[in-house]
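A.B. asks: make a model of this:
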Amino acid sequence: MYANASEFGAYGRVLRGIGPENQELFHRTGNAGWRVAEVPVFDREILSMSLHDNTPEAFFPVEGRTALAVANKDDFSDCRLFLLDQPMMIRAGVWHGLMAVTEESRILVVEDAEVHLEKKPFGKGEEG
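C.D. replies: The predicted structure is shown next:
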């Protein structure tokens, strides 16, 4: 599904426009700075979900098409899949995973340089 502000709002923000709400997206809490990385996405299904409890994370499409899975619940019962067709930022504490919709895609990721990471398997072979 294409992301719109109201449907994606439960997980974060669609970063559109240059209004005051997009002037300062991240607030530094320490001295570590920010991590900016261009990430290739090859997997054609969501294999795992990650959570960072200490930082929001922004995703910017670069090449190809990528889907972003998001969930607020740790059992993923509220999981939604959005096409990353525009810049989006998830809040700290949102489970997320990526998959390529095209053969390969690339995205730009921006997050705190000191990331707390929790990861869980998702999809085929998941117990539960």
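
A.B. asks: just the strands in this structure please.
C.D. replies: 12-14, 34-41, 48-51, 57-63, 66-71, 80-83, 88-90, 95-100, 105-112, 118-121 (DSSP state E).

A.B. asks: for the fifth one, name the packing helices and strands.
C.D. replies: So the one you mean is strand 66-71. strand 80-83, strand 88-90, strand 95-100 (3 or more C-beta pairs under 8 Å, 6 or more residues apart in numbering; DSSP states H and E). Placement of C-beta: from N, CA and C, glycine included.

A.B. asks: same question for the second one.
C.D. replies: The elements that strand 34-41 packs onto, with contact taken as 3+ C-beta pairs under 8 Å, 6+ apart, are strand 95-100, strand 105-112.

A.B. asks: what is the mean pLDDT for that strand?
C.D. replies: For strand 34-41, mean pLDDT is 90.

A.B. asks: what's the answer for the fifth one, then?
C.D. replies: Confidence over strand 66-71, taken as the mean pLDDT, stands at 97.

A.B. asks: for stretch 93-109, same thing?
C.D. replies: 96.

A.B. asks: run the chain-centre distance for that stretch.
C.D. replies: Relative to its parent chain, stretch 93-109 has a centroid offset of 7 Å by C-alpha atoms, centre = their mean, to the nearest Å.

A.B. asks: that stretch spans what distance, first to last residue?
C.D. replies: Using C-alpha to C-alpha, to the nearest Å, the end-to-end distance of stretch 93-109 comes to 16 Å.

A.B. asks: and it, what's buried?
C.D. replies: 94-100, 105, 107 (16 or more other C-beta atoms under 10 Å).

A.B. asks: ok, G33 - how many residues close by?
C.D. replies: 10 (other C-beta atoms under 10 Å).

A.B. asks: skipping its backbone neighbours, what lies nearest it in space?
C.D. replies: Of all residues not flanking G33 in the chain, A113 sits nearest, at 5.0 Å (C-beta to C-beta, 6 or more residues apart in numbering).

A.B. asks: from L51, how far off is the one you found?
C.D. replies: 17 Å (C-beta to C-beta, to the nearest Å).
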